[in-house]
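Visitor: give me coordinates for this.
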Amino acid sequence: MIKILLTLIVAGAALVCIVILGGVLGLAGRLFKSGGARAQTERDEAGSAQELFRELERLEQRVESLETIIISGRRGDEGKSA
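Guide: This next block holds a predicted model:
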């Protein structure tokens, strides 16, 4: 009777360990899978931010060019009226 009880306790403990191990491995798999998707999303966002920054730099250069054209045009007008 004690041998059967001991066998059932050991089998139950082994079953509990297998269930816990399966849960831990399943959770680890989800974390790694979602981490990969999250990393890809962050790379995409970083690429978008870099592209936005490059476009803003180009816009700044265009504004500076327009300012130069406007200022030189005004200087030309002042010289004609004098």
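Visitor: for this protein, which segments count as helices?
Guide: 2-81 (DSSP state H).
Visitor: count of residues packed around residue 18?
Guide: Other residues near residue 18 come to 10 when the count uses other CB atoms under 10 Å. Quick note: C-beta positions are derived from backbone N, CA and C, even for glycine.
Visitor: quickly note the distance from it to residue 30.
Guide: From residue 18 over to residue 30 the distance is 19 Å, taken as CB to CB, to the nearest Å.
Visitor: state the pLDDT value of the residue nearest to the spatial centre of the chain.
Guide: Computing the C-alpha centroid of the chain and ranking residues by CA atoms, centre = their mean puts residue 42 first, at 1.3 Å. Per-residue confidence (pLDDT) for residue 42: 86.
Visitor: got the contact list for it?
Guide: Contacts here follow CB atoms under 8 Å, 6 or more residues apart in numbering; on that basis residue 42 touches nothing.
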